[in-house]
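Student: sequence and computational prediction follow.
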Amino acid sequence: MLESSFSILFYLKKPKEYTKGEMPIYMRVTVNGARKEIGTKHSIEPDRWNGDAQRARGNNETSKIINAYLDTLERKVHDARIKLLENSKEVTAEGLVKVLTGQEEKPRMLLEVFKHHNDQMAALENTEYAPATVKRYDTTLEHTRLFIAWKYKLPDIEIKNLTFDFVSDMEFWLKSVRKCNHNSAIKYIGNMRKIVNYCLKTGWLARDPFFGFKMAKREVVREYLNEDELQALAAKQFAIDRLSQVRDIFLFSCYTGLAFIDVFQLTPASIVKGVDGKQWIFTSRQKTDTPTRVPLLPQAQEILNKYKDHPRCINEDKVVPILSNQKMNAYLKEIADVCGITKTLTFHIARHTFATTVTLNNDVPIESVSKMLGHKSIKITQHYAKILDKKVSEDMRLLSKRLQNAK
């Protein structure tokens, strides 16, 4: 904000109980009618002070020293004003004095603000934020730190220096140097945008560096098991118990739609009687904290019955003896080879299989599927519907029939 009025005044300030002798010289800065005064650390006899000129009278050495100092101080006030304007800060009397006296606010640094945000998020882990979310923001912070070092050769950057180029170059760096795919790069940029939005709201940043930046993700074809692959997996007999166990837990997710972390945290208390009198899963998605209600299909119930007396389930209050996500995925690759499945089998494919092969492909309404998956928007579920050839085939068959009848 540009000031409408600005003035500097040097004057003598009479101390309390003053009788005679030198009086201290003060400087008063006035901006838009608001005043702030500070002492100059110089004093002078009143009869040697020229109030109109606001300087010491005469050409003696003392007067020259005082006047030179006041000239320098006045110049510093103007320099402080320019500094505030260059930093897009409001020019105020108090702000000018703070710059002069070294009391101005220290620059706001991007990584410092980002770290503070992540520390607060970590303190609310498992209550407000999922561990995976906390980890993702920590990863984004590290990417941002490395990018700043790569582009600017600096340990951090002032928030006020964030520009469109910063955002655009970071996207390029994530894709070229860090080898992130497009959607991953946009996710990291999106995490950083949360920090930038906070800086905009607090007034630390005058202009949005994301203005004009496109954040659109590219649609990804999600892998899932078709009916034949699902049946082959279920029918396979394994000589090794651990493979059979991992297969069963994967199938449990295929028939419930639960993500790994939700299966991992599932307890017998989450299996309750639903409105139809049958067994349901009542839980909440770890990722989005969205309530999830899933009626248990016979295949899922059979797996629960198989492991209800397993020592790990009893000792750890779990419904299935699930391993870590890393170990599950490692064993699933081995299982895929044994079953002749050429797709890269990961635990999350089970959730995609539930959405497509198990539900949508069997004419379960998309609204019901969306609710069971715990999606906050049906648009997310629609991505699964797009990849189903069976649905397209059925729709075209009906159209063909209508056209034949019309003919």
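Tutor: Looks like it arrived, so ask away. Residues are numbered from 1 along each chain as shown.
Student: strands along the stretch 251-400 of the chain, start to end?
Tutor: Counting by DSSP state E, counting those that start in this stretch, the stretch 251-400 of the chain has strands at residues 271-273, 279-284, 291-295.
Student: packing partners of the first one?
Tutor: This means strand 271-273. Contacting strand 271-273 under the criterion 3 or more Cβ pairs under 8 Å, 6 or more residues apart in numbering; DSSP states H and E are the following elements: strand 279-284. The C-beta positions use only the backbone N, C-alpha and C, and glycine is treated the same way.
Student: returning to that earlier point: ok, which of the strands of the stretch 251-400 of the chain comes nearest residue 15?
Tutor: With Cβ to Cβ as the criterion, residue 15 lies closest to strand 279-284 of the strands of the stretch 251-400 of the chain, at 70.0 Å.
Student: could you give the angle of the closest one to strand 291-295?
Tutor: 170 degrees (axes from the mean of the first three to the mean of the last three Cα atoms, to 10 degrees).
Student: which residues sit against the helix or strand hosting residue 120?
Tutor: Taking DSSP states H and E as the definition, one finds residue 120 inside helix 110-123. Helix 110-123 is contacted from outside by 128-129, 133-134, 137-138, 140-141, 144-145, 148, 155-159, 162, 192, 194-195, 198-199, 204, using Cβ atoms under 8 Å, 6 or more residues apart in numbering.
Student: export the strands of the stretch 251-400 of the chain as TSV, with columns for distance to residue 343.
Tutor: What follows is the strands of the stretch 251-400 of the chain, written out as TSV (distance: least, Cβ to Cβ, whole Å):
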stretch	distance to residue 343
strand 271-273	30
strand 279-284	26
strand 291-295	24
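Student: can you list the domains in the chain?
Tutor: The record's domain parsing of the chain by automatic domain parsing lists 6-100, 110-202, 230-395.
Student: can you say which of these is nearest to residue 405?
Tutor: Closest among the domains of the chain, using Cβ to Cβ: domain 230-395, at 16.0 Å.
Student: pLDDT averaged over that closest one - what is it?
Tutor: Here domain 230-395 scores 88 as its mean pLDDT.
Student: ok now it, how far from the chain's centre?
Tutor: 28 Å (Cα atoms, centre = their mean, to the nearest Å).
Student: between the two ends of that domain, how far is it?
Tutor: 24 Å (Cα to Cα, to the nearest Å).
Student: just the CA atoms of the longest strand along the chain, as PDB, please.
Tutor: Scanning the chain for the longest strand, with DSSP state E as the assignment, gives strand 34-44. Extracted in PDB, the C-alpha atoms of strand 34-44 (Å, rounded to 0.1, in the frame of the first residue of the first chain):
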ATOM      1  CA  ALA A  34       0.300   8.100  12.200                       C
ATOM      2  CA  ARG A  35       3.500   9.100  14.100                       C
ATOM      3  CA  LYS A  36       6.500   7.200  15.400                       C
ATOM      4  CA  GLU A  37       9.500   8.900  17.100                       C
ATOM      5  CA  ILE A  38      12.900   7.700  18.100                       C
ATOM      6  CA  GLY A  39      15.900   9.400  19.800                       C
ATOM      7  CA  THR A  40      18.900  10.200  17.600                       C
ATOM      8  CA  LYS A  41      21.400   9.800  20.500                       C
ATOM      9  CA  HIS A  42      22.600  13.400  20.000                       C
ATOM     10  CA  SER A  43      21.900  16.400  22.200                       C
ATOM     11  CA  ILE A  44      22.400  20.200  21.800                       C
END
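Student: can you list contacts of that strand?
Tutor: Strand 34-44 is contacted from outside by 10, 12-13, 22-30, 56, 62, 66, 69-70, 73, 92-94, 96-97, 100-101, using Cβ under 8 Å, 6+ apart.
Student: the next helix or strand after it: how far from the chain's middle?
Tutor: Toward the C-terminal end, the helix or strand that comes next after strand 34-44 (DSSP H and E) is strand 49-50. Put simply, strand 49-50 sits 61 Å off its chain's centre (Cα atoms, centre = their mean).
Student: mind giving me the packing neighbours of strand 49-50?
Tutor: Checking 3+ Cβ pairs under 8 Å, 6+ apart, strand 49-50 ends up next to no helix or strand.
Student: quick one: mean pLDDT for that strand?
Tutor: Per-residue scores along strand 49-50 average to 94.
Student: next secondary structure after that strand?
Tutor: Strand 49-50 is succeeded, C-terminally, by strand 55-56 (DSSP H and E).
Student: contacts only, for the nearest residue to residue 216 once chain neighbours are set aside.
Tutor: Among residues not flanking residue 216 along the chain, residue 186 sits closest, at 7.6 Å (Cβ to Cβ, 6 or more residues apart in numbering). Residue 186 makes contact with 171, 215, 216, 217, according to Cβ under 8 Å, 6+ apart.
Student: and those residues, which are buried?
Tutor: residue 171 (16 or more other Cβ atoms under 10 Å).
Student: make a markdown table out of the contacts of residue 186 and add distance to residue 108, secondary structure and pLDDT.
Tutor: Shown next, in a markdown table, are these (distance: Cβ to Cβ, whole Å; DSSP: H, G, I helix; E, B strand; the rest coil; pLDDT from 0 to 100):
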| residue | distance to residue 108 | secondary structure | pLDDT |
| --- | --- | --- | --- |
| 171 | 23 | helix | 96 |
| 215 | 24 | coil | 87 |
| 216 | 30 | coil | 86 |
| 217 | 30 | coil | 81 |
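Student: I'd say residue 27 and residue 72 touch.
Tutor: No. With contacts counted by Cβ atoms under 8 Å, residue 27 stays clear of residue 72, the gap being 11.5 Å.
Student: more neighbours: these two, which one.
Tutor: Neighbour totals were compared for residue 27 and residue 72, and residue 27 leads with 20 against 9 (other Cβ atoms under 10 Å).
Student: could you check how far the more buried one is from residue 8?
Tutor: According to Cβ to Cβ, to the nearest Å, residue 27 and residue 8 sit 7 Å apart.
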